[in-house]
Structures are given as C-alpha cells and as structure tokens.
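1. quick check, what structure comes out for this input:
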Amino acid sequence: MRLMIVDDEEIIREALAEMIDYEALGYTLIAAAKNGMEAYDLICDEYPDVVITDIRMPGLDGLGLIERAMKADARITFILLSGYNEFEYAKQAMRYGVRYYLLKPTDKNELIEVLQDVRQERTQEEARRRKEQESFLRKMRLPLEECFVKEAVELEEPFPAIFRKYQPLLSFPETGLAAFVCSFVEESFLKKFAADVYRSFSGREELLAFPILYVRENAVLILKMQGLAQCERVKTLLGQLWYPGQCVALEIQILHGDTAGLFENVFAKIARFEQIRMLDAEGEERVISHRIASDSRIEQLSGEIRGADEARIPEILKQVFVAQMPIETARNLALGLFLKWNPVQAEQPLDIACDFFRKLYNCTEVEEIRDFVRQAAGREEKRNSSNIALVKTYVERHYGEEYLSLKWIAENYLFVSVGYLSKQFVKEEGIRFSDYLNRVRMDEAKRLMHFYHNENITDIACQVGFGNNPQYFRQVFKRYTGCTPGAYLKNIQK
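-> Purely as a prediction, here's the structure:
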C-alpha cells in the first residue's frame, strides 16, 4: 500500500518517516510533504492509499487537504495527527469520513496498530471487491464467450491476438484442457445430450471450461484434464450416451494442445458453418451467425467512427442501434466495440473492463446503449493520438473542474491504470501531471486577468478550478508566477 506523510515541521516529518519499518507492515513510503499544497499535488501525481497528516499547517491545512483530496479520490484513508486542544478539528474531519485520529507526540506502537488496522480493512475490502468482480464476470461469462467465438470464427485479426484479449476475462489456464469432438449428435437429441453432459460432469474433476459448441451433428466439449488416462475415461463415458431412435452411436475424437492452440484448432473446425450453437449449464442456448455483431461489422463500424467528425458520430450510431434491434444484439455490438477499442492489457486493469460491462448491462433500452456507446466513441475519436496528447487535450477542455485528477482521467476517460499513465506522463513531458495542470490553470488565470482588469480574485479562482478556495489559488499562483494575484492585477492596471 502506498503511504504519504504530511507535516510542516521537518523534525516530525523525518521522525515519522524513520520511526517505523513501513515495508514490514506492507507499506511503501512514497513521499513526505511539508504542507497541504505540496501534499495535494503529490496526491494528484502519486495516488497514495493512506495519508498521515497534521491538522495545523500554513496555507492549505489538514482539513482543507482532506476535503479536496477526498473529492478527487474517495478511497484514500487519512490518519489525522493533532494536539490536545484541536479536538474540534478532529470532529470536522469526521464529517469527511476520517476515522483515525492520533494525538501528538505520536506513539509509535499506536501508529503501528492503526496502520495494521487500515491494511487489514483494505485487504478485506479488496477481497470483497475481487469476489464481487469474479461473481460479476461469471454472470458476464456467456456473452463474453459468445463474443470470443464470433471474433475467432471471423478471424479479422490473428487468433493469438484474439485469445490474449479474452484469456484474462474468461480465466483460461495456459494448459490442462482437452477438446472432445462428439460426432453424430442428432439435432433432435441435442438438448437431452447437453443436459446429460452437464449432469455427468457436475461436481466431477473433469469440469467443462466452455459451453458446448454444436455445428451440424457435431458437439464440441472443452474440459479440464489432468492426463491421458483421464481423457480415456471421459471418452468412454461420452461413448455410452445413447438415445432411443438415434441412428448411429457417437464417435469421439480428442484434441490436445496448449489452451490457445486448442481453441484455435476447435474454431478452425467450426468456422466454416454458417450457424454455431452454444449451450450452457443452465440450458440457455445462443445461436452465433455472421450478422450485425460479427467482428467484421464491428471492425467496419469502428473504422467509420474513427474517420468521422465528432458531430457525425451520433448519426452513425443512430443508423446502427435502431429501436427494433434485440437488446442482446445491441449489448453484443457495444461489447465488441469496447473490446476493439480497449483490449485488456497489463496497463488496463480488469476493474475498468468490469465497470464498462456493469454499466452496459444496466442499460435496458437500445437507446440507452446507443448513448453509452456514443460516450465511448467520444473517447475513441482521437485514439490514434498518444495517451499523453489525450490527457493534455482533456485538461485544456476541463481545467475548470475543481477535482480534476490524473486518476480520474486514467480510469474514466482513457481506461488505463493511473500508475502506467503517471509514469508515461513524466517520461514524455518531463514534469508531473499536477505541475502541468497548475500551469494550464495559471496561464488561464493570467489571461482572465488581462481580459477583465477589475475581476474579483475569488471569481477567477473558481473559473480555473479552485472552487471556493481563493487562498489556495493565491498560494499556487505565487508559486508559479512569483507574485500574488493582487500584485499581478495591479501591474496590469498600471
């Protein structure tokens, strides 16, 4: 967990930094700030999980820092340090959700205990979140599997690239799977066959890793296998399935290989069929055919959006997402576009993909899905630009938003991890994001002062993203220009 210390007294900052072995407690000390203003900039750049802060500091005090930081990132845990006569400040901090309050001088063991409590709480919260994420991905599994099959049989890009996109979402192992191709499964017995298969393997070690795929009297089962002997047992079990009226006995062929190669082999065998049926353990069946949500159509639509002016994008989507379209088709099309624009990679955590899926499946009307895709398309319109160019463009358009942060841009606009984006920003620009944001804001403040000679400083502060905190604006302005806003205005008026 990423930890930051904030105190205006150097001796206390150094003592707090050195008195505890934070690494042993599961923390990395990322920064020690000497005041609230410096701390807020660091929070924007370094995205800490936990902040230990003093209350009484010049300029932006501890309460101002907490208020501002919590609105930018509500998941930060604050540990508040104060003297005996500052309990009123602590009560104010509690309104912002601060629950950890320590008196100065800080007791080492008490601080260790609090840090352990915070870490345990965060660990439990993370475990709950992971459990919810796994549960949600299980619910999403069938539509994701359907999209996987569509892309694989269309093969608009090399199969390894398609497989890498879906492997983390569907939790495929690297090895340990085998495919059983059951021939002569007559269509009239298909549902009975599927029910028997799922019942036969329910609770066994040979678990189905993918829904049953069916094309013209051939059913393909992909199961988790531990070795050849187990494969032979499964083959014998499947060969014993028989239905009165069936013309011939089933023939079973086993396909082996690493997971990517195995799926590639299976899809190569079924891709030539116009319709592919998928049957899951709950008895739900989906028919996959080359239709509007096919990968080729998604690629075509994505290309149209990339090449269109921003004003034309709503019209393009309106022609595609028509009211008569089945809701599942609309969702699959939206899902395909998202995965085309945002393949799950190391720099894009699963949380972001899950957030998109959750919002998409909360849409109950085709119109809602169309509007949702239009928002995503707005992010896609300049996807050929670098991430940093997009960040800078976003800042230029939204610098007036008080709680603008790199974390928000990363997670809600670019769909990449904030850590990846932060390093990329410093590497390409040579400065931290907070410095860039503040410079943009100060340039705009100076422009406004030149345009409105007698404008109130409070109004200018609000216009450039400092909300109702003109004092903080004055401090930042002086740091970046060398003089106060009032002095700068007087100089202009002269």
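2. need the residues that contact the host helix or strand of residue 213.
-> Using DSSP states H and E, residue 213 sits within strand 212-215. With contacts defined as Cβ atoms under 8 Å, 6 or more residues apart in numbering, strand 212-215 is touched by 149, 185, 190, 194, 197, 219-221, 266, 270, 273, 275-280. (Each C-beta comes from the backbone N, C-alpha and C, glycine too.)
3. now, the residues you listed that are in strands?
-> 219-221, 275-279 (DSSP state E).
4. so residue 79 sits in a helix?
-> No. Under DSSP: H, G, I helix; E, B strand; the rest coil, residue 79 falls outside any helix and is assigned strand.
5. confidence score at it?
-> pLDDT for residue 79: 93.
6. that one contacts residue 53, doesn't it?
-> Yes. Assessed by Cβ atoms under 8 Å, residue 79 is found in contact with residue 53 at 7.4 Å.
7. more neighbours, those two?
-> residue 53 (25 against 21; other Cβ atoms under 10 Å).
8. which helices and strands does the helix or strand where the more buried one lies pack with?
-> Using DSSP H and E, residue 53 falls within strand 50-54. Secondary-structure packing of strand 50-54 (3 or more Cβ pairs under 8 Å, 6 or more residues apart in numbering; DSSP states H and E): strand 2-6, helix 36-46, helix 62-72, strand 77-82, helix 108-154.
9. so who does residue 372 touch?
-> Neighbours of residue 372 in contact, by Cβ under 8 Å, 6+ apart: 334, 359-360, 363.
10. in ChimeraX, select just the buried ones from these.
-> The buried residues among those can be selected in ChimeraX (16 or more other Cβ atoms under 10 Å) with this line:
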select :334,360,363
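11. quick one, which of the contacts of residue 372 has the minimum pLDDT?
-> Here the lowest pLDDT out of the contacts of residue 372 sits on residue 359, with 80.
12. thinking again about what came up before, for the ones in strands among the contacts of strand 212-215, work out which two are farthest apart.
-> Pairwise distances across these peak at 18.7 Å for 221 and 275 (criterion: Cβ to Cβ).
13. so which of those two has more stuff around it?
-> Set side by side, residue 221 and residue 275 show more neighbours around residue 221, with 23 against 12, by other Cβ under 10 Å.
14. ok, that one to residue 122 distance?
-> According to Cβ to Cβ, to the nearest Å, residue 221 stands 41 Å off from residue 122.
15. and the strands in the protein?
-> Under DSSP E, the chain gives strands at 2-6, 28-33, 50-54, 77-82, 100-103, 177-183, 212-215, 218-224, 251-255, 275-279, 285-289.
16. can you redo these as CSV with distance to residue 171?
-> What follows is the strands of the chain, written out as CSV (distance: least, Cβ to Cβ, whole Å):
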stretch, distance to residue 171
strand 2-6, 28
strand 28-33, 29
strand 50-54, 31
strand 77-82, 30
strand 100-103, 36
strand 177-183, 12
strand 212-215, 18
strand 218-224, 12
strand 251-255, 21
strand 275-279, 18
strand 285-289, 20
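17. indicate which one of those strands is closest to residue 110.
-> strand 100-103 (6.1 Å).
18. what lines up beside the closest one in the sheet?
-> Here strand 100-103 is paired, per DSSP bridges, with strand 77-82 (parallel).
19. and the angle for the strand it pairs with with strand 50-54?
-> 20 degrees (axes from the mean of the first three to the mean of the last three Cα atoms, to 10 degrees).
20. got a list of contacts for strand 77-82?
-> Identification of contacts with strand 77-82 by Cβ under 8 Å, 6+ apart yields 7, 49-56, 62, 66, 69-70, 89-90, 93, 96, 98, 100-104, 106, 111, 114-115, 118, 121-122.
21. now do 6 Å
-> With Cβ atoms under 6 Å, 6 or more residues apart in numbering as the test, strand 77-82 has contacts from 50-52, 54-55, 66, 89, 93, 98, 100-102, 104, 114, 118.
22. can I get stretch 458-470 in PDB? Just the C-alpha atoms.
-> Only the C-alpha atoms of stretch 458-470 are listed here, as PDB (Å, rounded to 0.1, in the frame of the first residue of the first chain):
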ATOM      1  CA  THR A 458     -12.400  34.700  -6.000                       C
ATOM      2  CA  ASP A 459     -14.300  34.500  -9.300                       C
ATOM      3  CA  ILE A 460     -11.100  33.900 -11.200                       C
ATOM      4  CA  ALA A 461     -10.000  31.200  -8.800                       C
ATOM      5  CA  CYS A 462     -13.400  29.500  -9.300                       C
ATOM      6  CA  GLN A 463     -13.100  29.700 -13.100                       C
ATOM      7  CA  VAL A 464      -9.800  28.000 -13.200                       C
ATOM      8  CA  GLY A 465     -10.600  25.000 -10.900                       C
ATOM      9  CA  PHE A 466     -10.000  26.200  -7.300                       C
ATOM     10  CA  GLY A 467     -13.700  26.300  -6.300                       C
ATOM     11  CA  ASN A 468     -14.400  28.300  -3.200                       C
ATOM     12  CA  ASN A 469     -10.700  28.200  -2.000                       C
ATOM     13  CA  PRO A 470      -9.200  31.500  -3.200                       C
END
